[in-house]
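Peer 1: Pasting a predicted model and its sequence here:
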Amino acid sequence: NVELGMRAIAGFTDGADAWAKLAALPRAYRSQWIDTQRATLGSITQPKRRATAQALLNNADSAARRIERGIELLRDDAQVLLAFRLANRAMADAAGQRRKNVPPNWFPFQLAFILMNLEGIANPGSADRGKVDLLFFPTGGGKTEAYLGLAAFTLILRRLRNPGITGAGTTVLMRYTLR
């Protein structure tokens with residue numbers, strides 16, 4: 001029961017509020033997906049497939065830990081929380097322009113993607129900076145909003161940390177493929 005509304009997230013009062021409202025996301029990911037998949041490992045008899053399944057589950061565990069670290073960062077760093085709140089407000093405003101009567105919400109994978117990348121963006125020394133995450137969904141699945149939400153966070157955090165001219169310049173580089 002994680003609140004996925006962009007406006008609700010933009011209204012988090014403090015880090016404890018963010019933690020209280022978001023901490024269920026990685027717990028649900030573990031209990032509703034990872035543990036369920038782990039329970040099927042015994043039915044995989046081919047060694048290579050079993051090894052692949054185990055590696056994928058290890059990656060999922062790592063992703064859950066990264067999501068938790070992102071939520072902890074929101075709880076512990078007021079500037080990161082402010083950037084996250086403002087990014088959610090910007091995304092909600094943009095979504096409101098497109099869909100006037102539909103409350104702007106994140107899909108769970110979108111919010112998880114943003115949260116799992118917060119530490120790598122906020123902490124220059126983070127090992128997460130060496131990771132590349134791939135969002136693989138069909139057209140219309142929400143990939144664009146996920147990475148734009150992360151881009152908004154990145155732009156806002158840079159401006160908060162570097163007021164004035166030192167916060168200007170290239171912060172996010174995007175490449176769109178053209179057919």
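Peer 2: Thanks, I have it.

Peer 1: give the contact list for the closest residue to residue 71 other than its chain neighbours.
Peer 2: Spatial nearest neighbour of residue 71, chain neighbours left out: residue 22 (4.8 Å); criterion: CB to CB, 6 or more residues apart in numbering. Backbone N, C-alpha and C define where each C-beta goes, glycine included. Taking CB atoms under 8 Å, 6 or more residues apart in numbering, we find residue 22 in contact with 2-3, 71, 74, 111, 115.

Peer 1: could you show me where the helices are in the chain, in order?
Peer 2: Listed in chain order, the helices of the chain (DSSP state H) span 6-10, 15-22, 24-29, 35-39, 47-76, 78-98, 108-122, 143-161.

Peer 1: Pick the one among the contacts of residue 22 closest to residue 103.
Peer 2: In terms of CB to CB, no member of the contacts of residue 22 lies closer to residue 103 than residue 3, at 11.2 Å.

Peer 1: how deep is the residue nearest to that closest one when sequence neighbours are not counted tucked in, by neighbour count?
Peer 2: Nearest non-adjacent residue to residue 3, counting by CB to CB, 6+ apart: residue 21, 5.2 Å away. Using other CB atoms under 10 Å, residue 21 is surrounded by 17 other residues.

Peer 1: which residues does residue 21 contact?
Peer 2: Contact analysis of residue 21 by CB under 8 Å, 6+ apart lists 2-3, 8-9, 12.

Peer 1: could you redo the last one with a cut-off of 7 Å?
Peer 2: Contacts for residue 21 (CB atoms under 7 Å, 6 or more residues apart in numbering) come out as 2-3, 12.

Peer 1: on that earlier part again, which of the contacts of residue 22 has the largest number of neighbours?
Peer 2: Neighbours here mean other CB under 10 Å. Within the contacts of residue 22, the largest count is held by residue 74, at 28 neighbours.

Peer 1: Centre-most residue in the protein?
Peer 2: Residue closest to the average C-alpha location in the chain (CA atoms, centre = their mean): residue 114, at 1.7 Å.

Peer 1: So that residue versus residue 25, what's the distance?
Peer 2: As defined by CB to CB, to the nearest Å, residue 114 lies at a distance of 11 Å from residue 25.
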